[in-house]
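Asks: sequence-free structure coming up:
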C-alpha cells in the first residue's frame, strides 16, 4: 500500500516564484490516480468505470516484491497482487489507461532485519549486493510480464520515509545503496521493455533534507539511469499554511525545478506520482468542497507547467471510515463508493488536462490566476483569486473585510461567456465556448 509515513517531517519556508507564461503546449499530460484494488469490495469494472468517468488516463498500482518472490528465484502471482495483475493484463488497454507500477518494498528472503524473528513479514531495505541483484531480477520479471501494458515504473516508493518497511526504527542505508538499486533495476527494466519510462525518488521537495538526499544521488549519476523524478509533495500538515495551498505548493516545485537547472544544469521531467489532501478531523484536514477546489486548481496549474508531466491523485477510494485517521480519508470517493465533490469537479475539468493545450497562463502577485485552454475551435477559461491563508488577522482587517461571497467555498463555478464574472472569488470559475473567450483580466 502507498501509505505515507513521513508526513510528520520537518518543513521549511520556500520562496515563491510567480510565473508569467504564454505559449501552447503539445506534450502529453498524465492525469492519474492511485489505487488499492485488492481491498475494494466491488468488481474491478466498477472502479475502472469510475476512473474512466473521472477522466483519468493513468492508474498507479503497487506490485510488491515480497508477494511475487516467495521462494528465492521463483516468481509467481500471489493472491496479494492478483487483482492488480488481472487489471494490468486484461483491463488497462480496454479502458485506454496508462499503467504506473510501483516496484518496491523489502523481501525477508534477502534482507531480514536484525532483531526480528526469521518468520513473519518484517522487512528491511535491500542492502547487500545479493539483495539488490535479486530486486533487479524481480523488476525484470515484472517488466517482462507487463511489456507493452505498463508505461511507467516507479523504482521504490518513499525510500526516505520507510513506507512498506515494517522494521522500526528506520535505518536508512547511505545514498550509494539506493543508487545501486536504481541503476541495476533500471538496466533490468530496459532489457525487458526498452519503451518503459523509469521514475524514482518519491520524495517531498518541501523538506530540505529530502532535496539534499536526492542531490547526493544526482552527483552519483542517478539521472543517467532514469527518465524522470517522482515527487510526493504533500503539504497539508505544514506549519506554513501556504505549502498546503495549490499556489504555494507548486511554487515549491518551481523552486526545485530551478534548483536542478542552477545546481546541475539539468532540465529533468518531474512527475507528481502521489499527492492528496484528506477530509479528516486532524491537522491539515479540510472539508469536502475545499479539497475539491484543491484538486481542480492543482491539476490545472500543474498542467500549465511544461516540466511537470503528470499528477497522480492519492487516492481513488477512502481506505477506511474513521474520520480521525488521515489515511482513511484521502479518497475521491467515500468508502461506500459514493462520489465526493472532488470526483465530480474533476469530471468537469479532466478534459482540459488530457485533451486541451494551454494557450495562456498568468499567475499575478496579488493572487489572481488565469489559465486559457484551446482544443481546435473549442476554448476554455478558468480563473480564481487565491484565498487568504493568514493564520492571524488583525481586528481592523476583520472589521473592514468584505463578507464571504456566496460563491466562495463551492467546488467549482460554471459560467457562460456572456455572464458577469465574479473576479474576486477564491472558487475556481470555468467558462467554455466555441471561439475566443474574453478573460476577466
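Replies: Nice, thanks for sending it over. Computed from a prediction, not measured in an experiment: that's the story for all the values here. Numbers count the residues shown, from 1 in each chain.

Asks: any idea which helix or strand comes after the worst-scoring helix or strand of the chain on mean pLDDT?
Replies: Of all helical and strand segments in the chain, the minimum by mean pLDDT, DSSP states H and E falls on helix 395-400, at a mean of 37. Heading C-terminal from helix 395-400, the first helix or strand you meet, by DSSP states H and E, is strand 413-415.

Asks: so which bits of that next one are buried?
Replies: For strand 413-415, burial by neighbour count (16 or more other CB atoms under 10 Å) applies to residue 413. C-betas here are computed from N, CA, C, even on glycine.

Asks: go on, stretch 270-283?
Replies: In stretch 270-283, counting by 16+ other CB under 10 Å, buried: 270-280.

Asks: same check, this time on stretch 229-239
Replies: 229-238.

Asks: what's that stretch in contact with?
Replies: 4, 7-8, 11, 154, 158, 199-206, 214, 243-245, 248-249, 252-253, 256, 268-278, 283-286 (CB atoms under 8 Å, 6 or more residues apart in numbering).

Asks: for stretch 248-256, what is the distance to the chain centroid?
Replies: 14 Å (CA atoms, centre = their mean, to the nearest Å).

Asks: let the chain start at 409 from now.
Replies: Taking 409 as the first residue, the last one we looked at is stretch 656-664.

Asks: biggest separation within the buried residues of stretch 678-691, which pair?
Replies: Greatest spacing in the buried residues of stretch 678-691, by CB to CB: 678 and 688 (27.8 Å).

Asks: any idea which of the buried residues of stretch 678-691 is closest to residue 578?
Replies: residue 682 (19.1 Å).

Asks: give me the secondary structure label for the closest one.
Replies: Here residue 682 is strand, with the state taken from DSSP: H, G, I helix; E, B strand; the rest coil.

Asks: now residue 790
Replies: Here residue 790 is strand, with the state taken from three-state DSSP.

Asks: tell me how far it lies from residue 848.
Replies: Counting by CB to CB, to the nearest Å, the gap from residue 790 to residue 848 is 11 Å.

Asks: one more: residue 647?
Replies: 34 Å.

Asks: one more: residue 796?
Replies: From residue 796 to residue 848 the distance is 19 Å (CB to CB).

Asks: who has more neighbours, these two?
Replies: residue 848 (16 against 11; other CB atoms under 10 Å).

Asks: isn't there a strand covering the more buried one?
Replies: No - judged by three-state DSSP, residue 848 forms no part of a strand; its state is coil.

Asks: show me what contacts it?
Replies: Residue 848 makes contact with 778, 791, 829, 831, according to CB under 8 Å, 6+ apart.

Asks: which of those count as buried?
Replies: Buried by 16+ other CB under 10 Å: 778, 791, 829, out of the contacts of residue 848.

Asks: who's in contact with the first one?
Replies: Same thing as residue 778. 768-770, 789-791, 847-849.

Asks: farthest-separated two in these?
Replies: Largest separation among the contacts of residue 778 by CB to CB: 769 and 848, giving 14.6 Å.

Asks: let me see the ranges of the strands in the stretch 459-608 of the chain.
Replies: 466-470, 506-511, 558-563, 605-611 (DSSP state E, counting those that start in this stretch).

Asks: mind listing what's buried in the last one?
Replies: Neighbour counts using 16+ other CB under 10 Å place 605-611 of strand 605-611 among the buried residues.

Asks: residue ranges of each domain in this protein, please.
Replies: 428-763, 776-842 (automatic domain parsing).

Asks: tell me how far the ends of the last one are from each other?
Replies: What it means is domain 776-842. End-to-end distance of domain 776-842 (CA to CA, to the nearest Å): 24 Å.

Asks: how far does that domain sit from the chain's center?
Replies: Distance of domain 776-842 from its chain centroid, counting by CA atoms, centre = their mean, is 25 Å.

Asks: how about stretch 758-773?
Replies: That offset, for stretch 758-773, works out to 18 Å (CA atoms, centre = their mean).

Asks: what average pLDDT does it get?
Replies: Averaging pLDDT along stretch 758-773 gives 96.

Asks: any chance you could map the strands in the stretch 609-758 of the chain?
Replies: Using DSSP E, counting those that start in this stretch, strands in the stretch 609-758 of the chain cover 636-639, 678-683, 716-721.

Asks: adding mean pLDDT and distance to residue 444, write these out as JSON lines.
Replies: Conversion of these to JSON lines gives the following (pLDDT from 0 to 100; distance: least, CB to CB, whole Å):
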{"stretch": "strand 636-639", "mean pLDDT": "98", "distance to residue 444": "18"}
{"stretch": "strand 678-683", "mean pLDDT": "98", "distance to residue 444": "13"}
{"stretch": "strand 716-721", "mean pLDDT": "98", "distance to residue 444": "13"}
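
Asks: which one of these lies closest to residue 507?
Replies: When these are compared (using CB to CB), the closest one is strand 716-721, at 11.3 Å.

Asks: pull the residues that contact that closest one.
Replies: So strand 716-721 is contacted by 435-442, 466, 468, 508, 636, 661, 677-684, 703, 706-707, 710, 740, 754 (CB under 8 Å, 6+ apart).

Asks: narrow these to those that are buried.
Replies: Buried among those by 16+ other CB under 10 Å: 437-442, 466, 468, 508, 636, 661, 677-684, 703, 706-707, 710, 740, 754.

Asks: about what we covered before: what would the strands of the stretch 609-758 of the chain look like in CSV with distance to residue 573?
Replies: Shown next, in CSV, are the strands of the stretch 609-758 of the chain (distance: least, CB to CB, whole Å):
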stretch, distance to residue 573
strand 636-639, 18
strand 678-683, 17
strand 716-721, 21
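
Asks: what ranges does the stretch 609-758 of the chain have for its helices?
Replies: Secondary structure of the stretch 609-758 of the chain (DSSP state H, counting those that start in this stretch): helices at 616-628, 654-672, 696-711, 749-762.

Asks: C-terminal to whichever strand or helix holds residue 766, what's the next element?
Replies: Residue 766 is part of strand 765-771, with elements assigned from DSSP H and E. Downstream of strand 765-771, the first helix or strand assigned by DSSP H and E is strand 776-783.

Asks: report the contact partners of the most centrally placed residue in the chain.
Replies: Central residue of the chain (CA atoms, centre = their mean): residue 682, 2.4 Å from the mean position. Neighbour list for residue 682: 410, 412, 442, 468, 610, 638, 640, 642, 720, 722 [criterion: CB under 8 Å, 6+ apart].

Asks: can you tell me which two in those are farthest apart?
Replies: Checking the contacts of residue 682 with CB to CB, the most distant pair is 468 and 642, at 15.3 Å.

Asks: if we can go back for a sec, what pLDDT does the residue nearest to the residue nearest to the centre of the chain when sequence neighbours are not counted get?
Replies: With sequence-adjacent residues excluded and distances taken as CB to CB, 6 or more residues apart in numbering, residue 682 is closest to residue 640, at 4.4 Å. The score at residue 640 is 98. That number is its pLDDT.
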